[in-house]
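Q: Provide a 3D model corresponding to the input given below.
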Amino acid sequence: MYVAGAGNIGKSLVKKINDDFNTKLIDKSKDKCELASEELDNVLILNSDAADKEFLSSEGISECDVFVAVTQDDESNVLCSLMSKKLGSKKTITIINKEAYFDPVSYTHLTLPTNREV
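A: Residues are numbered from 1 along each chain as shown. This is a model prediction of the structure:
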């Protein structure tokens, strides 16, 4: 399982699921990655852009069961989820805060959580 976004939501999610899943946390902010590495045990933390096609391909995203996008940027969440899906990720879960994006994104076959509590 890949989680894009090493903010509060991403770190909380990884803490809850890491015992049950092989989890990798991705963030393009070096500072967030360093902070996450101090807070999380047994999690591979990747300092990269989760929407980068070459990065996702090199990580073997086509073998990924679940890709979760919980960055603090709706556009990044949608973009990296779409790229992950295109490259073969079996399931994507994307958090979006702007209601204006709900309808257009619903046509992309991305899973949008209805309850924002993690």
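Q: So for the strand or helix carrying residue 75, mean pLDDT?
A: Using DSSP states H and E, residue 75 maps to helix 74-86. In this model, helix 74-86 has a mean pLDDT of 91.
Q: Quick one: list the elements packing against that helix.
A: Counting contacts by 3 or more C-beta pairs under 8 Å, 6 or more residues apart in numbering; DSSP states H and E, helix 74-86 packs against strand 2-4, helix 53-58, strand 66-69, strand 91-94. For the C-beta atoms, the positions are set from N, CA and C on the backbone; glycine is no exception.
Q: can you list contacts of it?
A: Contact with helix 74-86 is made by 2, 4-5, 49-53, 56, 61, 64, 67, 69-71, 92-98, 101, 105, 108-110, as judged by C-beta atoms under 8 Å, 6 or more residues apart in numbering.
Q: Identify each buried residue in stretch 34-46, please.
A: 35, 36, 40, 43, 45, 46 (16 or more other C-beta atoms under 10 Å).
Q: what's the closest of those to residue 22?
A: Relative to residue 22, the closest of the buried residues of stretch 34-46 is residue 43; by C-beta to C-beta it sits at 9.4 Å.
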